[in-house]
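**Student:** Mind folding the following:
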Amino acid sequence: MSSYIHFLLLYAERLRQRAGIFISRNFFRQRHEFRDRWMESIDLLSPDMDSREISSSISGMLAEYLGASSVAVLVLERAGRVYRDESTGFEIPSAHPVVKHARARLKPFSMKEPSALPGVGELGSSIGAELCAPMATTNEVVGLILLGPGVSGVPYCADDVDLLRALSTHAASQIRNIMLRDQLSSAREAEVRHRMSSFILHDLKNLANALSLVSQNARTNITRPEFQRDAITAIDASVGRMKRLIERLGDPPRAIVLDRRSTDISDCIRRALEKLKRELDCKRIRLDLSTGEPPQVDIDPEAMESVFLNIVKNACDALPNNGRISIECAFDAESLVITISDNGRGISRAFAETCLWRPFNTTKRTGSGVGLVHSRAILEAHGGSIEVESSEGEGASFTLKLPLKRERLAC
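**Tutor:** Now for the predicted structure:
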């Protein structure tokens, strides 16, 4: 009994569609109110949809508006090798004759008519498709709409084809926007990964330099118990830091995560200087350190140590023999201010304004151009800032500010 009722309902729906098509074609000048259909398509094809949702919406519209018995919406995959109907998994290669014909026509065509390209009619017969509408933008076919025969059995008319063309063009622009949005998102993610990897490699390079210093000093001090204890401490700290950095390489891209602790900034600066002692001594650089007794700050000591290491090493690289680096600390009710200055070759105004804070820009022949960018990111994650004053040939002065009261930031 239930199957009989289902048959009657289905038959009644087909009779309703046939009657609607007969009345509209014989008693009205046009079958479709194009303005209404266009406004409906704008509402139904939202820019926020993904390609699967666009395909589903366009299928529903064409089944309703044109009375199509079947609608297949094939969208060009990202790699550009196949057109796929995501709802059924049906696909054709991008070199298929139907695709070539669509690129040549850029408007709906019958799949039952004799075609100059073999394979078009064969595909139509195999899947029961009568019309193919390219979803085409200015220079690319981003998809195909394949329509089966109408449920009424009445052939599609010129009005049907015009509406199909309008809807396929609208759908094409939406799908193209989705493709561009996905490409932009992928490019941004790749840029973030590349930048993060560069920061990590820069830190690994600094740690390798620190281990190299231990190795150099061991040649003359290995028998001293005090040096042995210091060397083991330095090696353990460097290896631990390296392991954490390597683990980050496998993590998804994310903002800097800080391990904040109450820290004496003077100790943090001295640890960075100790790792650069060999380079500073080698160039006989005079170091003026005036930290006084600053208050404890809530920071990630390892991260801030890498900041001081980067800035002082840059200053060391910019200095000739017998140059000078000064480090001063001051504070007020809100901020701790660290100023690192040198009397080296300085930075040109043009470079400072346009390139200094952009990754992979450097004035050093062997530099990576990420140290200062990474340093600024660390300071900003702490709620702080970094500024530079410099003139070419007159040295550079970097001013670092850290809040004394921890700010609630999403780090």
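
**Student:** S397 pairs with what?
**Tutor:** On DSSP bridges, the residues paired with S397 through beta bridges are S341, E389.

**Student:** I'd like the numbering to begin with 2 instead of 1 from here.
**Tutor:** Shifting the count to begin at 2 puts that one at S398.

**Student:** I'd say it and S392 touch.
**Tutor:** No. Using Cβ atoms under 8 Å, S398 is not in contact with S392, being 10.2 Å away. Backbone N, C-alpha and C define where each C-beta goes, glycine included.

**Student:** Which of those two has more residues huddled nearby?
**Tutor:** For S398 and S392, the more surrounded residue by other Cβ atoms under 10 Å is S398, and the numbers stand at 16 against 12.

**Student:** Let me see the contact set for that one.
**Tutor:** For S398, the contacting residues are 340-343, 389-391, taking Cβ atoms under 8 Å, 6 or more residues apart in numbering as the criterion.

**Student:** Next: I266.
**Tutor:** Residues touching I266, when contacts are defined by Cβ under 8 Å, 6+ apart, comprise 292, 295, 298, 300, 305, 330, 337, 339, 403.

**Student:** okay, now K206: neighbour count?
**Tutor:** The criterion is other Cβ under 10 Å. On that basis, K206 has 12 neighbouring residues.

**Student:** same thing with the one 4 residues further on?
**Tutor:** N210 has 16 neighbours, counted by other Cβ under 10 Å.

**Student:** and it, that one's in a helix?
**Tutor:** Yes. The assignment for N210, made by DSSP: H, G, I helix; E, B strand; the rest coil, places it in a helix.

**Student:** now it: how far from I286?
**Tutor:** Counting by Cβ to Cβ, to the nearest Å, the gap from N210 to I286 is 16 Å.

**Student:** list the helices and strands the helix or strand hosting G61 packs on?
**Tutor:** Using DSSP states H and E, G61 maps to helix 52-67. Counting contacts by 3 or more Cβ pairs under 8 Å, 6 or more residues apart in numbering; DSSP states H and E, helix 52-67 is packed against helix 35-45, strand 72-77, strand 142-148, helix 159-222.

**Student:** quick one, that helix and helix 159-222 angle?
**Tutor:** Between the direction of helix 52-67 and that of helix 159-222, the angle (axes from the mean of the first three to the mean of the last three Cα atoms, to 10 degrees) works out to 180 degrees.

**Student:** can you pull out the strands in the protein?
**Tutor:** Counting by DSSP state E, one finds strands in the chain at the ranges 72-77, 83-85, 92-94, 110-111, 132-137, 142-148, 262-264, 287-291, 298-300, 325-332, 336-343, 386-391, 397-404.

**Student:** What pLDDT is listed against the nearest residue to Q217 once chain neighbours are set aside?
**Tutor:** Of all residues not flanking Q217 in the chain, R279 sits nearest, at 6.2 Å (Cβ to Cβ, 6 or more residues apart in numbering). On pLDDT, R279 comes in at 80.

**Student:** what does V313 give?
**Tutor:** Turning to V313, the model gives it a pLDDT of 90.

**Student:** check contacts around it.
**Tutor:** With contacts defined as Cβ under 8 Å, 6+ apart, V313 is in contact with 273-274, 277, 326, 328, 341.
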